[in-house]
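Colleague: okay, here's the prediction I keep looking at, along with the sequence it came from:
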Amino acid sequence: MYRMKCCLKWRLVFLAMTFWGCGAKSFASEADFGCRLLDDCTKPSVNKIIHEGSWDRTGDNTDFYTIAPGQTKTIVNMKSSGTIRRLWCAVAARQQETLMRQALLRMYWDNEETPSVEVPLGDFFGTSWGRTKDFISMALEQTSGGYNCYWPMPFGKAARVELVNDSNIVIDKFYFNSDIEMMATPPKSERLYFHAQWRRENPTTAGKLYTILEAKGRGKYVGTSLQMQCLEGPGFGFLEGDEEVFVDGEKTPSIHGTGNEDYFMACWYFASGEFSAPWHGCLYKNEKQGRAHAYRWHLIDPIPFQKSILFQIEHGPDINYPTNSDYVSTAYWYQTEPHAAFPPLPTRDKRLPVPLLVPYKIPGAIEVEDFINSTARPTIGGAYVQYMTQFGSAWSNASQYFWYNGEPGATVTFPLEVKDAGMYQLGVYIMQAPDGVDLEILLNGESLGKISEYAPKVMHSDLIKFEPKPFKSGLNDVTFKIVGRDVRARVNNEYPVGIDCFLLTKI
């Protein structure tokens, strides 16, 4: 079994590399992929590989550049025809998230005046908010502190790559090397030039899609890296957003997705957690922080355009129901020159990540979602913590206890602990929604009354108070029982129940 898995893994690698180096060719069998790739090693080539880097030209071991604040260092400067096949670098001091957002990588092809690549250093190589974390993909990698790029970058007569230290931090040691294939004769057919562009919207704009790329010319869109952070607290409401791609001036998008994580070829809010694969991955996921970062490389399915491309994505369930978020993207594409002007980069401090927000909490709230791993299990159905930022900021701790797949007569009981026996007034905040149900609330088996979770739209209820009742010292059972649904409610078989928090006041 292990051997079979290894064979399948390397077949996938052979497949990817064949498409990468040769284009989408038709082969007779899977084994033929590997044979053709290895056969290329036996074919002579008149081209030459030049290895450019930061090695110490004196023969000493000072194999790095030191770059002062405000300094620009040219790390590749070629005056001929060729293709950059690989870029590698490492940066000291490590763990400098500020530096990775403020240092800029710029690339110029064939003596152009404006760069075809202008991206913060860490974002270009796929880092999540400048963090150091290993991942492996076909186009970009981060492994053991080394950053790798395999996007091929052709040039006709010149190539210049610069690192701009736009921070107030000295880059003590910048290690760098690259492999550049020099062409014996310039290619006869026209080639597309590599481009990468960084954008940020903080906060995203209500009623407006976030733009990942707007470009003019002829080319192919090949990759997206998108870092998302909810500014309202925990939750992934932004992952409900669909991508929309308009090609060559279309009025309606020729590509309209079904959800953010669907575009990144995953599902259920990246249910299995973080991963990296050859063409796609989720490099960071933290629902409590409201942060997610994913990438997708269109190596097998590039998006061609003849005149223009506009790549946008929603940041909520729809354009009129957005989540207030911080979106940061890097778009990768190939096109003819000249390219359209890039939007101005934000100033260095405005490129930095926003701090994680502490969600709003209702004073004195007993968070019902804290019971999720206790004995508070429904008699029928299941329950999970649901983050509610996409539905407004009223929810305490930006989350609730969500009970699904119940039915009339089913119950869930929460053990509320009271130190001192006495008369207490119980209050509760619940979710109300178009498919909300009717509930009976019981305290230690005695009914406190009935409430309805119906509302024309999803909303946070006002505080619902019950008559003061005696509570015993220790645990007291507060039970929610499904008794039906409002005649106005949308009918389904889920009987959803959302409970935000309790308030308990001693009388």
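Modeller: Thanks, I have it.
Colleague: any low-confidence regions in this structure?
Modeller: Counting by pLDDT under 70, the chain shows low-confidence ranges at 1-34, 36-37, 94-95, 186-188.
Colleague: residue ranges for the helices of it, please.
Modeller: For the chain, applying DSSP state H gives helices covering 2-22, 30-39, 97-102, 121-124, 260-263.
Colleague: residue contacts, the closest residue in space to Gly235 that isn't next to it in sequence?
Modeller: Spatial nearest neighbour of Gly235, excluding adjacent residues (C-beta to C-beta, 6 or more residues apart in numbering): Tyr387 at 2.9 Å. All C-beta spots, glycine's among them, are computed from the backbone N, C-alpha and C. The neighbourhood of Tyr387, defined by C-beta atoms under 8 Å, 6 or more residues apart in numbering, consists of Gly233, Pro234, Gly235, Phe236, Gly237, Glu287, Gly290, Ala398, Ser399.
Colleague: narrow those residues to those in strands?
Modeller: Among these, the residues falling in strands (DSSP state E) are Ser399.
Colleague: from the contacts of Tyr387, pick the one nearest Phe125.
Modeller: Of all those, Gly290 has the smallest distance to Phe125: 23.9 Å, by C-beta to C-beta.
Colleague: I'd say the closest one and Thr389 touch.
Modeller: Yes. Using C-beta atoms under 8 Å, Gly290 makes contact with Thr389 at a distance of 6.7 Å.
Colleague: for Arg351, what are its contacts?
Modeller: Arg351 neighbours (C-beta under 8 Å, 6+ apart): Arg101, Gln102, Pro120, Arg200, Leu345.
Colleague: try it again with 10 Å
Modeller: Residues in contact with Arg351 (C-beta atoms under 10 Å, 6 or more residues apart in numbering) are 98, 100-102, 104, 120, 123, 130, 166-167, 198, 200, 202, 328, 345.
Colleague: equivalent analysis for Gly219, please.
Modeller: 192-195, 302-306, 308-309, 333-337, 339.
Colleague: that one pairs with what?
Modeller: On DSSP bridges, the residues paired with Gly219 through beta bridges are Phe305, Gln335.
Colleague: for the remainder of this discussion, apply numbering that starts at 161.
Modeller: Got it, first residue is 161 now, which makes that one Gly379.
Colleague: who does the residue positioned nearest the centre of the chain bridge with?
Modeller: Nearest residue to the geometric centre of the chain (C-alpha atoms, centre = their mean): His453, 2.4 Å. His453 has these beta-bridge partners by DSSP bridges: Gln387, Tyr444.
Colleague: how about the strands in the stretch 211-360 of the chain?
Modeller: Here the stretch 211-360 of the chain has its strands, by DSSP state E, counting those that start in this stretch, at 225-227, 232-238, 242-252, 263-269, 277-280, 295-296, 300-303, 306-309, 313-315, 319-325, 331-342, 353-361.
Colleague: okay, those in CSV with mean neighbour count next?
Modeller: Rendered in CSV, the data for those read as follows (neighbours: other C-beta atoms under 10 Å):
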stretch, mean neighbour count
strand 225-227, 18
strand 232-238, 16
strand 242-252, 20
strand 263-269, 23
strand 277-280, 24
strand 295-296, 17
strand 300-303, 19
strand 306-309, 19
strand 313-315, 24
strand 319-325, 21
strand 331-342, 18
strand 353-361, 22
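Colleague: for Ile415, see how far away His499 is.
Modeller: Per C-beta to C-beta, to the nearest Å, His499 is found 21 Å from Ile415.
Colleague: ignore the last one, Val330
Modeller: Using C-beta to C-beta, which is the criterion applied here, Val330 is 44 Å from Ile415.
Colleague: quick one: end-to-end distance for stretch 511-520.
Modeller: Using C-alpha to C-alpha, to the nearest Å, the end-to-end distance of stretch 511-520 comes to 26 Å.
Colleague: could you do stretch 433-446 as well?
Modeller: 9 Å.
Colleague: please apply the same query to stretch 463-479.
Modeller: End-to-end distance for stretch 463-479: 24 Å, by C-alpha to C-alpha.
Colleague: could you do stretch 281-290 as well?
Modeller: This stretch, stretch 281-290, spans 9 Å end to end (C-alpha to C-alpha).
Colleague: starting at the chain centroid, how far to that stretch?
Modeller: Per C-alpha atoms, centre = their mean, to the nearest Å, the displacement of stretch 281-290 from the mean C-alpha position of its chain is 12 Å.
Colleague: which residue is the nearest non-sequential neighbour of Ser276?
Modeller: Using C-beta to C-beta, 6+ apart, the closest residue to Ser276 is His355 (4.6 Å).
Colleague: residue contacts, the one you found?
Modeller: 267, 269, 275-278, 311, 313, 373, 375, 377, 379, 381-382, 491-495, 497, 499, 502.
Colleague: that one and Glu272, how far apart?
Modeller: Taken as C-beta to C-beta, the span from His355 to Glu272 is 11 Å.
Colleague: re earlier: what is in contact with Gly450 and Thr549 at once?
Modeller: With C-beta under 10 Å, 6+ apart, Gly450 and Thr549 have common neighbours 390-398, 483, 485, 517, 519, 558.
Colleague: how many residues are close by Phe465?
Modeller: 24 (other C-beta atoms under 10 Å).
Colleague: just to check, it is in contact with Ile415?
Modeller: No. Checked against C-beta atoms under 10 Å, the pair Phe465 and Ile415 is beyond contact range at 11.3 Å.
Colleague: which neighbours do the two share?
Modeller: Common contact partners of Phe465 and Ile415 (C-beta under 10 Å, 6+ apart): Tyr381, Val405, Phe406, Val407, Phe471.
Colleague: farthest-separated two in the residues you listed?
Modeller: Once C-beta to C-beta is applied, the shared contacts of Phe465 and Ile415 give Tyr381 and Phe406 as the farthest pair, at 11.5 Å.
Colleague: overlap in contacts of the two?
Modeller: Ile415, Phe465, Ile469, Phe471.
Colleague: contact partners for the second one?
Modeller: By C-beta under 10 Å, 6+ apart, the contact set of Phe465 is 375-381, 405-409, 414, 471, 493, 495.
Colleague: in ChimeraX, select just the buried ones from these.
Modeller: Listed next is the ChimeraX selection for buried residues among these, using 16 or more other C-beta atoms under 10 Å:
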select :375,376,377,378,379,381,405,406,407,471,493,495
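Colleague: and the contacts of Phe465, which is closest to Tyr655?
Modeller: Val405 (38.7 Å).
Colleague: tell me how far the closest one lies from Ala452.
Modeller: 21 Å.
Colleague: before we move on, the earlier item: mind listing the shared neighbours of His355 and Glu272?
Modeller: With C-beta under 10 Å, 6+ apart, His355 and Glu272 have common neighbours Glu497, His499.
Colleague: ok, Ala299 touching Ala437?
Modeller: No. With contacts counted by C-beta under 10 Å, Ala299 stays clear of Ala437, the gap being 11.7 Å.
Colleague: those two - which one has more neighbours?
Modeller: Ala299 (21 against 17).
Colleague: tell me the contacts of the residue lying closest to the more buried one once chain neighbours are set aside?
Modeller: Excluding its sequence neighbours, the residue lying closest to Ala299 (C-beta to C-beta, 6+ apart) is Trp457, at 4.8 Å. Residues near Trp457 by C-beta under 10 Å, 6+ apart: 176, 180, 297-300, 311, 382-385, 437-441, 492.
Colleague: go again with 8 Å.
Modeller: So Trp457 contacts Ser297, Met298, Ala299, Val382, Gly383, Pro438, Trp439, His440, Tyr492 (C-beta under 8 Å, 6+ apart).
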